[in-house]
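Peer 1: Turn this into a structure:
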Amino acid sequence: MGIILLFVLAPKAGDILASSWPLLLIGATALAGLLVIAALLIRRLGDDYRAEALRRAGIDRLTPGQFEHLTAELLRNDGFTRVRVVGGRSDRGVDVIGIAPGGTPYAIQCKLYTRQVGPGQVRDFIGALQAPAYRGHRGVLVTSHVLSGQAGHAAREAGFIVVDRDRLGDWMMGVYSLTPAKRSRPAFLDRLRRGYATHRGSRLPPENDLGPA
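Peer 2: Residues are numbered from 1 along each chain as shown. Just a heads-up that it's a prediction; the model follows:
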């Protein structure tokens, strides 16, 4: 009986599919369009929130010393201990050091730039991490701008973490972390979950409490 019904219904099912495939195609196209629009909106929200965080902190008005102290404060927010700013003439290419919650020592170089970080600066940092004082440290390059293509390639080959301008904005909002145990999430999700008013007072170090320049 089942076989007979299959033979009877199969042609009808084929006819139904043949007549409805234009509608299915239109529906699939519309769904794909909605997904693209949603992705663009999500990206725009993330960009807006990062820009606001960077503006509120006055990143482009900080001195190099203040930028280093801001980075140190962000490390402390991540649970790092023994955080110390060591930048200066004798810093050997490292500006901030600290110990991650898991015990791994980190060495951070801060680049307060209004231009791209080039491969030369990345190579200098690679050399600094090879010095006896910083062997075994996990390297992190934090910049207020972005890396050039060659610099990004060199950084990936060296295996250290890069915190560029966008990631810095996420870090300042608490939606990015250097600590592997803390899962990062898109900025817009954090805003929606906690509320805009609440988020405006979260985690950003006060502008007048960044330490000496």
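Peer 1: ranges for the strands of the protein?
Peer 2: For the chain, applying DSSP state E gives strands covering 81-85, 96-99, 105-111, 138-143, 161-163.
Peer 1: what about this structure, any weak spots by pLDDT?
Peer 2: Applying pLDDT under 70 to the chain picks out residues 1-48, 87-91, 180-213.
Peer 1: And the helices in it?
Peer 2: Secondary structure of the chain by DSSP state H: the helices cover 2-57, 64-77, 119-129, 149-158, 165-173, 187-194, 196-199.
Peer 1: so what does the second one touch, helix or strand wise?
Peer 2: Using 3 or more C-beta pairs under 8 Å, 6 or more residues apart in numbering; DSSP states H and E as the contact criterion, the elements in contact with helix 64-77 are strand 81-85, strand 96-99, strand 105-111. For every residue, glycine as well, the C-beta is placed using N, CA and C.
Peer 1: Quick check: T71 vs G149, distance?
Peer 2: Separation of T71 from G149 (C-beta to C-beta, to the nearest Å) stands at 24 Å.
Peer 1: how about stretch 113-124 as PDB, C-alpha atoms only?
Peer 2: Taking C-alpha atoms only, stretch 113-124 is exported to PDB below (Å, rounded to 0.1, in the frame of the first residue of the first chain):
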ATOM      1  CA  TYR A 113      50.400  56.700  16.500                       C
ATOM      2  CA  THR A 114      48.400  58.800  14.100                       C
ATOM      3  CA  ARG A 115      49.800  56.700  11.200                       C
ATOM      4  CA  GLN A 116      50.100  53.000  10.500                       C
ATOM      5  CA  VAL A 117      52.600  51.000  12.500                       C
ATOM      6  CA  GLY A 118      55.200  49.700  10.000                       C
ATOM      7  CA  PRO A 119      57.200  46.500   9.800                       C
ATOM      8  CA  GLY A 120      60.200  48.300  11.300                       C
ATOM      9  CA  GLN A 121      58.400  48.900  14.600                       C
ATOM     10  CA  VAL A 122      57.200  45.300  14.600                       C
ATOM     11  CA  ARG A 123      60.800  44.000  14.000                       C
ATOM     12  CA  ASP A 124      62.000  46.200  16.800                       C
END
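Peer 1: begin at 746 from here
Peer 2: Let's use 746 as the start, then, which means that last one is stretch 858-869.
Peer 1: Can you give the contact residues for that stretch?
Peer 2: 805, 838, 856, 886, 888-893, 895-896, 898-900, 903 (C-beta atoms under 8 Å, 6 or more residues apart in numbering).
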